[in-house]
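Asks: sequence and predicted structure, then a few things I'm wondering about:
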Amino acid sequence: MTHDAPRLLACGDTAFTIEFGVRVDPALSARVLALDAALRARALPGLRETVPTYRSLTIHLDPLVVDPGELGRTILALAAEPLPPPATARLWRIPVVYGGEFGIDLDAVAAHHGIAPEAVIERHAAPQYRVAMIGFLPGYAYLEGLDPGLSLSRRPHPRPVTPAGTISIGGVQALVASIAAPSGWHLLGRTPVRTFVPERDPVFLLRPGDRVRFMPTPAERWDGLAAAVEAGESVAELSET
Amino acid sequence: MSGVLHLLRLSGAASIQDGGRPGFLRDGLSASGPMDRLAHAAANSLVGNPPDAAAIELGLASATLRVEGSPVRLALAGACGALRLDGEPLADHRAFLLREGAELTLGRAGAGVFATLAVAGGFRLRPVLGSVALHRRAALGGLDGRPLREGDRLPLAGSAPAGEADLCLDPVPLESDRPIRVVLGPQDDHFSPEGLATFLEGTFTVSGQADRMGYQLDGPSIAHGADGFNIVSDATVMGSVQVPGTGRPIVLMADRQTTGGYPKIATVVSADLRRIAQRRPGEPVRFEAVDLATARKLAQGRAAARDALSRNLRPVKGATERLMAANVAGAAVDAFRDD
């Protein structure tokens, strides 16, 4: 169930959150991204930045310029209106090497669901995902659109380090990891694509609202793709939808 | 020619910070910037820099520095330890000239955590996404994307004009006595009435897990409500008080993760961020809930205090200031010798 009416949640005097619901749900994410687009099209005085997540939009403001309560009520009223979805989206095709050393949990995920590892790959690579939020660490892309048949609660014991480019799933969410970090998610594969490179233009590859497809790629191609990325080439294909 | 600030000795945390890197929260990157913005602005004002200029942030650190190539004017503000210039005690919250070859020693602070060492003209470092502030987890900004360490040589952007009067300020108070003010929410409804009472009436202690990412607090366990301690991740702000399953609150700070999956019981008001930042491990923390209107008034007061810094600058007078310098530094050295 989703909230029909969005809620205004206080985050101190410099921010507030418009919450559309409490679950991962494509309908909620669509409303979040529509409100985000609407606010980015308006230049509301005192509004500093907005942060879309799966189910809410956080608005940062300058309390010296605008009354946080007043801005909150204005944006809450806007959030309750039907807002048009962004007209176009970017679609990224991201190569992924699944299984083996690249995705050490692939076999366990397959066993858990009683299907073959190949079937996990097929079902993970089938959907066109939407980037619902970039969060936690720079460039970490949280996707919605995972096949519910692959859903699996997080590992009880997080791994202290997982590599950059890790493609993983946790609960009903799918993730593209940018840099090495601890993780309690299930590692299905890895991409040589780097979603965050401080020295590159653009620094951040993916944006909330972007579409993503995973392209299963043989392990033999890893070294070549990784070398291309190292040389500054983009191995993620970009198109408009 | 511009000089180089050479870190001959360093223990404790030290990084380059400027006003920070706002605008990238939607990309998963927190803004970094000073843990104590008032102290940062004070140190910069003393040497004639804009308040958000790049400076060295010291966290429970001690250091010895030398300037090479050109003299430079420096100032230390915030949680200051004993300062010595070629062995002679010197006051903090005042500018002074560091001549080529002279050695400056900074002792570990006796109270508080963060101090800012500003140099006139700032440092010549390459901005990344518009800022030189270090974000350690992202390996971004600072000197080569990492904290400062012994042996580092920091290129100076300017040099000290000769013959200028040194300025001083009243020390920026650490305000460590009163409770930390919070606005309840965004997820205060995820806690039982007992959990809320524990949060607002309990006394917590800053744990050993306290850094620029967050301050974990020890103390009574805060009880969640019927919905448990997992939420679908939403955004954090600096000052978010999140409560994981252990019931032990964590106050998220300048280099925090931008989203999190634990309920946030309250948010520290922006005016009190520097006050919680200056509490060191082992020191008590109590919280007091205020409404949004009060929080905004506090922010306005804090902004006024920052604007007043440049108006309150005054020239260092001879005898009085020197005497004060010797007393302040002497007491600190006796009580907090760290090596």
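Replies: Great, that's in hand.
Asks: is stretch B:230-240 in proximity to chain A?
Replies: Yes. Using CB under 8 Å from any CB of the partner chain, we find that stretch B:230-240 touches chain A at B:231-235, B:237, B:239-240. C-beta coordinates here come from the backbone N, C-alpha and C atoms, glycine included.
Asks: for the chain, what's the longest helix?
Replies: Answering for chain A, as no chain was given. Longest helix in chain A, counting residues (DSSP state H): helix A:26-41.
Asks: that's the wrong chain, I meant chain B
Replies: The helix that spans the most residues within chain B, counting by DSSP H, is helix B:292-312.
Asks: residues of that helix that come out buried?
Replies: Within helix B:292-312, the residues that qualify as buried are B:292, B:295-299, B:302, B:305-306, B:309-310, counting by 16 or more other CB atoms under 10 Å in any protein chain shown.
Asks: okay, now the sheet partners of the helix or strand just after that helix, with direction.
Replies: Next helix or strand after helix B:292-312 toward the C-terminus (DSSP states H and E): strand B:314-315. Neighbouring strands of strand B:314-315 in its sheet, by DSSP bridges, are strand B:167-168 (antiparallel).
Asks: pLDDT on the partner strand, on average?
Replies: Strand B:167-168 shows a mean pLDDT of 94.
Asks: and if you look at stretch B:251-260?
Replies: For stretch B:251-260, the mean pLDDT works out to 97.
Asks: contacting residues around that stretch?
Replies: Residues outside stretch B:251-260 that contact it (CB atoms under 8 Å, 6 or more residues apart in numbering or on different chains): A:51, A:53, A:133, A:135-137, B:20, B:25, B:28-35, B:135-137, B:211-215, B:217, B:233-242, B:268, B:273, B:276-277.
Asks: hang on, the earlier thing: among the buried residues of helix B:292-312, which are within reach of chain A?
Replies: Applying CB under 8 Å from any CB to the buried residues of helix B:292-312, one finds that B:292, B:295-296, B:298-299 fall near chain A.
Asks: just flag the most distant two among the residues of stretch B:230-240 next to chain A.
Replies: Spanning the widest gap among the residues of stretch B:230-240 next to chain A are B:Val232 and B:Gly239, at 21.4 Å by CB to CB.
Asks: distance from stretch B:125-143 to the middle of the chain?
Replies: In terms of CA atoms, centre = their mean, to the nearest Å, the centre of stretch B:125-143 is found 16 Å from the chain centre.
Asks: send me that stretch as CSV with only the CA atoms.
Replies: Taking Å, rounded to 0.1, in the frame of the first residue of the first chain, the C-alpha atoms of stretch B:125-143 are listed here in CSV:
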residue,chain,number,x,y,z
LEU,B,125,45.7,22.9,-4.2
ARG,B,126,43.6,21.6,-7.1
PRO,B,127,39.9,21.8,-6.4
VAL,B,128,37.8,18.7,-7.2
LEU,B,129,34.1,19.4,-7.9
GLY,B,130,34.7,23.0,-6.8
SER,B,131,36.4,22.3,-3.5
VAL,B,132,39.7,21.2,-1.9
ALA,B,133,37.9,19.8,1.2
LEU,B,134,39.0,16.2,1.8
HIS,B,135,36.3,13.6,1.7
ARG,B,136,38.3,10.6,3.0
ARG,B,137,35.9,7.8,2.1
ALA,B,138,35.7,9.1,-1.5
ALA,B,139,39.4,9.8,-1.7
LEU,B,140,38.6,13.2,-3.0
GLY,B,141,40.1,16.6,-2.4
GLY,B,142,42.7,17.5,0.2
LEU,B,143,46.3,16.7,-0.6
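Asks: SS state for A:Ile94?
Replies: Three-state call for A:Ile94 (DSSP: H, G, I helix; E, B strand; the rest coil): strand.
Asks: just give the number of residues close to it.
Replies: Using other CB atoms under 10 Å in any protein chain shown, A:Ile94 is surrounded by 24 other residues.
Asks: give the bridge partners for it, please.
Replies: Counting by DSSP bridges, A:Ile94 is bridged to A:Phe214.
Asks: ok, now which ones touch it?
Replies: Per CB under 8 Å, 6+ apart, neighbours of A:Ile94: A:176, A:191, A:193, A:212-215, A:236.
Asks: please repeat the previous calculation with a cut-off of 10 Å.
Replies: A:Ile94 sits next to A:125, A:129, A:141, A:165, A:167, A:176, A:191-193, A:195, A:205-206, A:212-215, A:217, A:235-237 when contact means CB atoms under 10 Å, 6 or more residues apart in numbering or on different chains.
Asks: give me the domain ranges for chain B.
Replies: Domain assignment for chain B by automatic domain parsing gives B:4-167+B:314-335, B:180-298.
Asks: give me the distance from stretch A:26-33 to the chain's centre.
Replies: Distance of stretch A:26-33 from its chain centroid, counting by CA atoms, centre = their mean, is 13 Å.
Asks: make that stretch B:38-47, sorry
Replies: On CA atoms, centre = their mean, the centre of stretch B:38-47 falls 11 Å from that of its chain.
Asks: one more: stretch A:186-201?
Replies: For stretch A:186-201, the distance to the chain centre is 13 Å (CA atoms, centre = their mean).
Asks: what does stretch B:49-68 give?
Replies: Counting by CA atoms, centre = their mean, stretch B:49-68 comes out at 11 Å from the chain centroid.
Asks: got it, and stretch A:198-211?
Replies: Here stretch A:198-211 is found 12 Å from its chain centre; the criterion is CA atoms, centre = their mean.
Asks: measure the nearest residue to A:Arg211 once chain neighbours are set aside to chain B for me?
Replies: Leaving aside its chain neighbours, A:Arg211 sits nearest to A:Leu91 (4.3 Å; criterion: CB to CB, 6 or more residues apart in numbering or on different chains). Distance of A:Leu91 to chain B, given as CB to the nearest CB, to the nearest Å: 19 Å.
Asks: flag every buried residue along the helix or strand containing A:Leu91.
Replies: Per DSSP H and E, A:Leu91 falls inside strand A:90-98. Neighbour counts using 16+ other CB under 10 Å place A:90-92, A:94-98 of strand A:90-98 among the buried residues.
Asks: same check, this time on stretch A:184-202
Replies: For stretch A:184-202, burial by neighbour count (16+ other CB under 10 Å) applies to A:185-198.
Asks: before we move on, what about stretch A:32-45?
Replies: Neighbour-count burial for stretch A:32-45, with 16+ other CB under 10 Å as criterion, is recorded at A:32-39.
Asks: who does the longest helix of chain B touch, helix- and strand-wise?
Replies: When contacts are defined as 3 or more CB pairs under 10 Å, 6 or more residues apart in numbering or on different chains; DSSP states H and E, helix B:292-312 sits against helix A:68-80, helix B:37-46, strand B:167-168, strand B:180-184.
Asks: tally of neighbours for residue 231?
Replies: Assuming you mean chain A. Using other CB under 10 Å, A:Ala231 has 7 other residues around it.
Asks: looking at chain B here, not the other one
Replies: B:Ile231 - counted by other CB under 10 Å - has 19 other residues nearby.
Asks: flag the shaky bits of the stretch 151-300 of chain B, pLDDT-wise.
Replies: Regions of the stretch 151-300 of chain B meeting the criterion pLDDT under 70 cover residues B:159-163.
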